[in-house]
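# with the sequence up front, the predicted model follows.
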Amino acid sequence: MAFTCDGIAVESRAGEPIAAALLAAGWRVFRTMPRYGDPRGGYCMVGRCTDCLMVVDGVPNVRVCVTPVAAGLDVRTQVGLGEDQWDPARGESSGVA
Amino acid sequence: MSDRDALPEVRPAPTLVCRCEEIPIEEIAAALAAGAQTVNDIKWRTRAGMGLCQGIYCVPVIAAIVAQATDVPIGRVAPITTRPPVRPLPLEALAGLELEGEPQTGSAGTSSNEERA
Amino acid sequence: MMPQVVIAGAGPAGLAAAAATADAGASTLVLDEQRAAGGRLRYQVQPVAAAPSVPAERPSDLLERLRAEAVAAGAVVQTGTVVSACFAGLELLVVEGDAASRLAPDALIVTTGSTDLPFPFSGATLPGVFSARATQILLNEHRVRPGRRFAIVGSDEAAEALTVDILLAGGEVVWSGVAPAPFLRAEGDNGVSALVVGQDRFDVDVVVIAVGRQADAALATMAGVPLGFVAALGGLVPLVDERMRSSVSGLFMAGDAAGPGSVAAAIAEGRLAGVAAAAELGLATEDEVRQALIAAGPEVAARAAMRADLAPLHQQPYEPADAR
């Protein structure tokens, strides 16, 4: 199953979280933080911290460590809280996946 | 002159006590200097503990700092007050919730991701 | 139909509790926020003993057996669902995706497990720095190795178990140990490339923070269960009596949520909490509770002794906007 991250194709296994596929493919930076701009790449893997929030199909703040892959997903590195990357036509930026 | 002296100067990244809200240890120290006495005080002044993880990845550390700063044993430092919900809640969820009357059976018995004998 | 017993968390303690309450005849619903049940049994691979006197087995086998027992007894196990709040009178707010509902069981057994203790140091937020549990989830559950050269900060049994997991996954443990936070620095631009420990520098691409676990008792704390500090149980733990009962009527706790411990202790406490809850519903006898207490074993007894000794440090009254 393939999806894209920042436009680049990423192979994944059915049922695994997006974060697992990204890490397997060698991705390191999932987002940069709003205050200091520091890069994050996952920390807890159980959906409890803020490190893995990414923009998925135009919706920011998706916890990719607990969100399963799907064919054709458009995943983007999130900048800050992702307000500039939010596509209102795709869904609410609810702050949680 | 040893090899160590030849090492390039490295600017260490700030130590973030609260990863979620990006609160460095210096701000915790400043809060204490400004009169914070409890972990809750520090939370209110710095936002540490208010992020997505609701303090699980910072409160034990802040409690240890408070214990030392206020000369109280760690076992007597109260944690932050936690409030429901346990996890962030999408607004759509509350929109569909019936608040009056008896609680419904909820999703038990109707969900597709449950198993029973 | 409204379940008589709701169990928050489908790890070893929750599944054991479910089998006990369902066996006693209580309608039982077990909820877990993750997509699959099992708690730590989902991502630990080294053999684990279900009880002190039995041989160790594969965690996946044990999970399958615990789940089958709960389901065969009549419990319903539902994943992807969070018990998000517990209000007065055991009124629960339950959330599945973006659908919320209310449940009002007669008993709530909180078996929400534990979470990693934090250990901040310079650079600890860089990509490539993971908690111990995260590393096990990646290696063992998702079968992903997030790098090749690992450093482990921490020295307890968890760090040792992790070393084996990493080696089994084809990784290399370059450094493993403890150091005060000011002596540690993770370096790298967009991800960790080195860990500095004092005057030494290690080329690594993963740093694991494995400094222990703490009870994840937030749900119980919000419901008004008092907390006390027990260093040997990871810090703040909820106060429950020897039969896993809290001071909040109908609320029981067991397993890591009552203080991190072994899988065997979680199973024994889960069973004990289940029998005790069933007894409160009139579905089990005092004798059965006593038998469960005796069968619980020395680790559970030691944990109970540690909790019995301490005075509550912190208790939240839950103040609803309008009292029911």
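Okay, I see it. Just so it is clear, the structure is predicted and the values come from calculations on it, not from any experiment.
# look at A:A71 and tell me its secondary structure.
coil (DSSP: H, G, I helix; E, B strand; the rest coil).
# helices of the chain, start to end?
All of this refers to chain A. Secondary structure of chain A, counting by DSSP state H: helices at A:18-24.
# other chain: chain C
Under DSSP H, chain C gives helices at C:12-23, C:59-73, C:132-136, C:157-168, C:218-222, C:263-280, C:286-295, C:298-308.
# residues of stretch A:27-42 that come out buried?
A:27-31, A:33-34, A:38-42 (16 or more other CB atoms under 10 Å in any protein chain shown). Bear in mind the C-beta positions are built from the backbone N, C-alpha and C, glycine included.
# correction: the previous question concerned stretch C:21-40.
C:21-24, C:26-34, C:37-40.
# swap in stretch C:158-178?
So stretch C:158-178, judged by 16+ other CB under 10 Å, has buried residues C:158-159, C:161-163, C:165-166, C:169, C:171, C:173-176, C:178.
# so how far is that stretch off the chain centroid?
On the basis of CA atoms, centre = their mean, to the nearest Å, stretch C:158-178 sits 22 Å off its chain's mean C-alpha point.
# grab the nearest non-local neighbour of the closest residue to chain C within chain A.
Relative to chain C, the nearest point of chain A is A:G41 (2.4 Å; CB to the nearest CB). Distances taken as CB to CB, 6 or more residues apart in numbering or on different chains place C:P127 nearest to A:G41, at 2.4 Å, with adjacent residues excluded.
# neighbours around that neighbour, how many?
Other residues lying near C:P127 total 27 when counted by other CB atoms under 10 Å in any protein chain shown.
# could you check how far it is from chain B?
Using CB to the nearest CB, to the nearest Å, C:P127 is found at 12 Å from chain B.
# over to C:G297?
27 Å.
# same deal with C:A49?
With CB to the nearest CB as the criterion, C:A49 and chain B are 26 Å apart.
# let's have the buried residues of stretch C:158-178 in CSV, adding distance to chain A.
Output for the buried residues of stretch C:158-178, formatted as CSV (distance: CB to the nearest CB, whole Å):
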residue, distance to chain A
C:A158, 15
C:A159, 17
C:A161, 17
C:L162, 14
C:T163, 19
C:D165, 14
C:I166, 15
C:A169, 12
C:G171, 13
C:V173, 18
C:V174, 18
C:W175, 20
C:S176, 19
C:V178, 20
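# and those, which is closest to C:V240?
Checking the buried residues of stretch C:158-178 against C:V240 with CB to CB, the nearest one is C:A158 at 24.1 Å.
# contacting residues for that closest one?
Each residue near C:A158 by CB atoms under 8 Å, 6 or more residues apart in numbering or on different chains is listed here: C:132, C:210, C:212-213.
# nearest residue to C:R40 in space, please, no chain neighbours.
Computed as CB to CB, 6+ apart, the closest residue to C:R40 that is not its neighbour in sequence is C:G11, at 6.1 Å.
# okay, now the unreliable bits of chain A?
Applying pLDDT under 70 to chain A picks out residues A:91-97.
# in it, which spans are strands?
In chain A, the strands defined using DSSP state E lie at A:2-5, A:8-11, A:31-32, A:39-40, A:53-56, A:59-63, A:74-76, A:78-79.
# what distance separates the longest one from the centre of its chain?
Think strand A:59-63. 6 Å.
# the fourth one now?
Using CA atoms, centre = their mean, we find the averaged C-alpha position of strand A:39-40 to lie 12 Å away from the chain's own average C-alpha position.
# contacting residues around that strand?
Here strand A:39-40 makes contact (CB under 8 Å, 6+ apart) with A:28-33, A:50-52, C:125-127, C:190-191.
# which two of the buried residues of stretch A:27-42 have the greatest separation?
Longest span within the buried residues of stretch A:27-42, CB to CB: A:W27 and A:P34, 20.5 Å.
# how close does C:P52 sit to C:A295?
Using CB to CB, to the nearest Å, C:P52 is found at 11 Å from C:A295.
# could you pull up the mean pLDDT of stretch C:118-126?
Confidence over stretch C:118-126 (mean pLDDT, whole number) is 96.
# er, stretch C:225-233 I mean
Summarised as a single mean, pLDDT over stretch C:225-233 is 94.
# beyond the lengthiest helix in chain B, next helix or strand please.
For chain B, the longest helix by residue count, based on DSSP H, is helix B:59-70. Tracing the chain past helix B:59-70, the next element assigned as helix or strand by DSSP states H and E is helix B:91-95.
# now check that following helix, is it near chain C?
Yes. Counting by CB under 8 Å from any CB of the partner chain, contacts between helix B:91-95 and chain C involve B:92-94.
# pLDDT and neighbour count added to those residues, as JSON lines?
Shown next, in JSON lines, are those (pLDDT from 0 to 100; neighbours: other CB atoms under 10 Å in any protein chain shown):
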{"residue": "B:E92", "pLDDT": "75", "neighbour count": "14"}
{"residue": "B:A93", "pLDDT": "77", "neighbour count": "20"}
{"residue": "B:L94", "pLDDT": "78", "neighbour count": "14"}
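# show me the contacts for the residue of the stretch 201-324 of chain C found nearest chain B.
Nearest residue of the stretch 201-324 of chain C to chain B (CB to the nearest CB) works out as C:F229 at 3.6 Å. Contacts for C:F229 (CB under 8 Å, 6+ apart) come out as B:74-76, C:235-237, C:310, C:313.
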